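Q: A predicted structure for the sequence below; I have some questions about it.
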Amino acid sequence: MPTKINSAGKQQPYVPKGNGDASGEYGDYGSGSNKHFQSFKKPTRSNELSKKQIREIGQYVQNNFRDPLNNKSSLIRSLRWYGGSFGDLSKFTDEELSNIIDELYNLKKSDELYYFKDGSKWKLTRNIGVLEKAGIPYYTKEEYDEQKEKDFEKDLSNTKTQQKLYDELKNEGFKGAISLKGINDKNSIEIVNSIKTTIKEFSFLNDSLISFGTEKGASTLLEKEYRDYTKTSEYQKEIDDYKIKLEQWNNGKTFTKEEVERHFKTLYLRDNQRTTSGKFWGVCGPSKKDSRKSWIQLKNSQYGDYDETVNKKYIEKYGYPANVGASFGATTYHELGHAVCNYILGGKTIFDGYVDTRTLSYIEEIKHKYNKPISSYGKTNISEYIAECFASHYVDGTNEQANEVFNVLLNKWKGMQK
């Protein structure tokens, strides 16, 4: 292709176009009256800038220049003044810096919002060039939601075995969120098998157990639970109601739907925060929105030889163990016992007792009939007594007291299905 020296003293390719009426030596940015050259993009050297340089220049412009294209002279002076922060810019002429600015800030996209990995969002009508040159990923709303979903799924598990276990549960109808982050594969299998075994007899747990997780996966699990909740019709109704309340609390100030959802999410995550503290190996609590639904969280710590040492001493001294079982499986059964009671007996809070006092009285009669603790921990209150009996039925299966209590719950559930 033929070349010609341009106004900057450099060779530039041109294409003869015949006797056109093009005005300007180099199309849209030149001067003169040559009629035989095709327009070319302005020469730029932005590829000589590192991604780090472009990011830093982009951040500086973002913070200091609302309209960089119409303030190029001032911007170029500033870039040279702070040049040390952006690397060596002395090798670029003012015209080359001007062309670089055009390339970074003159790329237009639609006015729709674009999202970043941290959830922040911009109307990227002039920053696209910076992002693309700097290699910073950005997404449309649909792409962002899809990426977040993938990140959540990845963060909820840390082994292929766990993911396989989750998939098996979901395929069998389990709708709750689950994360066994920080638990090894052997114990994960024990936990999931306990859940499966219980669900076979108490199928409502597929819907009523909204989440099951460990301390290490708690925050991600709650976020996943919230995201699932936002897809329900109940959430939309609650957002509408909350908007009215929020505007009343703020003397009639109008809030956008986005602002309402942001306020609501903050409260939801705060109010539903879960911890497993102190001596407890696991905790089961009722959902604040529906006391018949439950969440369960286990400690990540191993139980070691607790079962063999402490329980043996308790049995020798008192005739009953400290706990029915000191394993991940036994703890899972115990906490599932609480979840079953919350649904069948109508749990209000962890310690407030149950609504179905009639069924509770049957269990109290069994307790008095045997007049022997199922375990030391089972003496805490009626709720822990039932949960220990529930676990004993699955872990051991030979304790008549535990089996009777279990059958009261099972028969109650069967009666509820008629």
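A: Noted; the coordinates are in hand. Not measured: the values here are computed from a predicted model.

Q: how about Glu190, what does it touch?
A: By CB atoms under 8 Å, 6 or more residues apart in numbering, the contact set of Glu190 is Ser327, Phe328, Gly329, Thr332. Where you see a C-beta, it was placed from the backbone N, CA and C, and this is true even at glycine.

Q: just curious, which of these is nearest to Glu142?
A: Thr332 (37.5 Å; CB to CB).

Q: would that closest one count as being in a helix?
A: Yes: checked against DSSP: H, G, I helix; E, B strand; the rest coil, Thr332 lies within a helix.

Q: Isn't it up against Leu298?
A: Yes: the criterion here is CB atoms under 8 Å, and Thr332 meets it with Leu298 at 7.2 Å.

Q: Common neighbours of the two, please.
A: Here Thr332 and Leu298 share the contacting residues Ile191, Gly282, scored by CB under 8 Å, 6+ apart.

Q: Neighbour-wise, give me the winner out of the contacts of Glu190.
A: Among the contacts of Glu190, the one with the most neighbours (other CB atoms under 10 Å) is Thr332, at 27 neighbours.

Q: quick one: that one and Ala326, what's the gap?
A: Applying CB to CB, to the nearest Å, the value for Thr332 to Ala326 is 12 Å.

Q: Ok, Ser219 next?
A: Between Ser219 and Ala326 the computed distance is 27 Å (CB to CB).

Q: When those two are compared, which one has more neighbours?
A: Comparing Ser219 with Ala326 by neighbour count (other CB under 10 Å), the higher total belongs to Ala326, at 19 against 15.

Q: Would you confirm that that one contacts Asn311?
A: Yes: at 6.9 Å, Ala326 counts as touching Asn311 under the criterion of CB under 8 Å.

Q: anything in contact with each of those two?
A: Joint contacts of Ala326 and Asn311 (CB under 8 Å, 6+ apart) do not exist.

Q: Return the alpha-carbon coordinates of the helix or strand where Lys317 lies using PDB.
A: Lys317 is part of helix 306-318 when elements are defined by DSSP states H and E. In PDB, the C-alpha atoms belonging to helix 306-318 read as follows (Å, rounded to 0.1, in the frame of the first residue of the first chain):
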ATOM      1  CA  TYR A 306     -15.100 -37.300  72.800                       C
ATOM      2  CA  ASP A 307     -17.600 -40.200  72.300                       C
ATOM      3  CA  GLU A 308     -15.300 -42.900  73.600                       C
ATOM      4  CA  THR A 309     -13.800 -41.000  76.500                       C
ATOM      5  CA  VAL A 310     -16.500 -38.700  78.000                       C
ATOM      6  CA  ASN A 311     -19.500 -40.900  77.200                       C
ATOM      7  CA  LYS A 312     -17.800 -43.900  78.700                       C
ATOM      8  CA  LYS A 313     -17.200 -42.000  82.000                       C
ATOM      9  CA  TYR A 314     -20.800 -40.800  82.000                       C
ATOM     10  CA  ILE A 315     -22.200 -44.300  81.400                       C
ATOM     11  CA  GLU A 316     -20.000 -45.800  84.200                       C
ATOM     12  CA  LYS A 317     -20.900 -43.000  86.600                       C
ATOM     13  CA  TYR A 318     -24.600 -42.200  85.800                       C
END
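
Q: Not counting its own residues, what contacts that helix?
A: Under the contact criterion CB under 8 Å, 6+ apart, helix 306-318 has outside partners Tyr320, Pro321, Ala322, Asn323, Gly325, Ala326, Ser327, Pro373, Ser376.

Q: now it: how far from the chain's centre is it?
A: Computed by CA atoms, centre = their mean, to the nearest Å, the chain-centroid distance of helix 306-318 equals 42 Å.

Q: before we move on, what about stretch 81-97?
A: Distance, stretch centre to chain centre, for stretch 81-97: 42 Å (CA atoms, centre = their mean).

Q: Which positions within that stretch qualify as buried?
A: Neighbour counts over stretch 81-97 (16 or more other CB atoms under 10 Å) mark Phe86, Leu89, Phe92, Glu96, Leu97 as buried.

Q: now swap in stretch 60-73 and tell me
A: Neighbour-count burial for stretch 60-73 flags Tyr60, Val61, Phe65, Pro68, Asn71, Lys72 (criterion: 16+ other CB under 10 Å).

Q: What of stretch 282-301?
A: 282-287, 291-299.

Q: Check stretch 173-189 too.
A: Using 16+ other CB under 10 Å as the test for burial, stretch 173-189 gives Phe174, Gly176, Ala177, Ile178, Ser179, Leu180, Lys181, Gly182, Ile183, Asn187, Ser188, Ile189.

Q: Could you chop this protein up by domain?
A: Domain segmentation of the chain under automatic domain parsing yields 1-40, 46-141, 159-416.

Q: between the ones you listed, which gets the lowest average pLDDT?
A: Lowest mean pLDDT within those: domain 1-40, at a mean of 47.

Q: quick one: the helices in the stretch 101-250 of the chain?
A: 128-134, 141-156, 160-171, 185-201, 205-208, 218-229, 233-249 (DSSP state H, counting those that start in this stretch).

Q: Show me the one of these that comes nearest Gln53.
A: Nearest to Gln53, of all the helices of the stretch 101-250 of the chain, is helix 128-134, at 8.6 Å by CB to CB.

Q: CA atoms only: put the closest one into PDB for me.
A: Extracted in PDB, the C-alpha atoms of helix 128-134 (Å, rounded to 0.1, in the frame of the first residue of the first chain):
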ATOM      1  CA  ILE A 128     -15.600   1.300  28.000                       C
ATOM      2  CA  GLY A 129     -12.200   1.900  26.300                       C
ATOM      3  CA  VAL A 130     -10.400   2.100  29.700                       C
ATOM      4  CA  LEU A 131     -12.000  -1.100  30.900                       C
ATOM      5  CA  GLU A 132     -11.300  -3.000  27.700                       C
ATOM      6  CA  LYS A 133      -7.700  -1.800  27.400                       C
ATOM      7  CA  ALA A 134      -7.100  -2.500  31.100                       C
END
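
Q: what packs against that helix?
A: Counting contacts by 3 or more CB pairs under 8 Å, 6 or more residues apart in numbering; DSSP states H and E, helix 128-134 packs against helix 51-64, helix 94-105.
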